[in-house]
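Enquirer: Next come a sequence and a model predicted from it.
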Amino acid sequence: MLPIALFRDSEGNIDTVALDQFVQALKAGSVEDAFSADVETRAIREQDKLLDVLPLVKESKHGFLPVVDNDRRMIGVIDEEAVFALIAEEVYVAQKTR
């Protein structure tokens, strides 16, 4: 999920040109093209540890970061709420196996 607020202009209207450019860049598999200079450019790798990811997401401009595979193709996004949920799940599983 991607916050649509990233594509709103100063009057609150959706900038369809920017949204279309973003979609085209994603279809081409380019995170760097999809996330321009005014949008977050840092990316999380799918194998990154959650405790390393959490501060990066908290410090991000928009409260989420793209997740990329080993070929730097975007496979999703992650926000702070999702990181907390995944950490909670890992803690729960660890407690259950004791």
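Expert: In hand now; what should we look at? Residues are numbered from 1 along each chain as shown.
Enquirer: Which SSE is immediately downstream of the helix or strand bottoming out on mean pLDDT in the chain?
Expert: The helix or strand of the chain with the poorest confidence is helix 31-34; it has a mean of 62 (mean pLDDT, DSSP states H and E). On the C-terminal side of helix 31-34, the nearest following helix or strand under DSSP states H and E is strand 44-45.
Enquirer: And the next helix-or-strand element following that next one, how far out from the chain middle?
Expert: Following strand 44-45 in sequence order, the next helix or strand is helix 50-59 (DSSP H and E). What separates the centre of helix 50-59 from the centre of its chain is 11 Å, taken as C-alpha atoms, centre = their mean, to the nearest Å.
Enquirer: residues making contact with helix 50-59?
Expert: Outside helix 50-59, the residues within contact range by C-beta atoms under 8 Å, 6 or more residues apart in numbering are 42, 44, 63-65, 78-80, 83-84, 86-87, 90. Quick note: C-beta positions are derived from backbone N, CA and C, even for glycine.
Enquirer: Over to stretch 84-93?
Expert: 50, 51, 54.
Enquirer: The same query, at a cut-off of 6 Å, please.
Expert: Surrounding stretch 84-93, the residues in contact under the criterion C-beta atoms under 6 Å, 6 or more residues apart in numbering are residue 50.
Enquirer: Report the distance from it to the chain centre.
Expert: Averaged over its C-alpha atoms, stretch 84-93 has a centre that lies 19 Å from its chain's centre (C-alpha atoms, centre = their mean).
Enquirer: cool, and stretch 88-98?
Expert: On C-alpha atoms, centre = their mean, the centre of stretch 88-98 falls 25 Å from that of its chain.
Enquirer: Give the buried residues for it.
Expert: Using 16 or more other C-beta atoms under 10 Å as the test for burial, stretch 88-98 gives no buried residues.
Enquirer: For it, list the C-alpha coordinates in CSV.
Expert: Extracted as CSV, the C-alpha positions of stretch 88-98 are listed here (Å, rounded to 0.1, in the frame of the first residue of the first chain):
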residue,chain,number,x,y,z
ALA,A,88,5.4,-8.7,17.9
GLU,A,89,4.8,-11.9,15.8
GLU,A,90,8.4,-12.9,16.2
VAL,A,91,8.3,-12.3,20.0
TYR,A,92,5.1,-14.3,20.2
VAL,A,93,6.5,-17.3,18.3
ALA,A,94,9.7,-17.2,20.4
GLN,A,95,7.7,-17.2,23.6
LYS,A,96,5.6,-20.1,22.3
THR,A,97,8.6,-22.3,21.6
ARG,A,98,10.1,-22.0,25.1
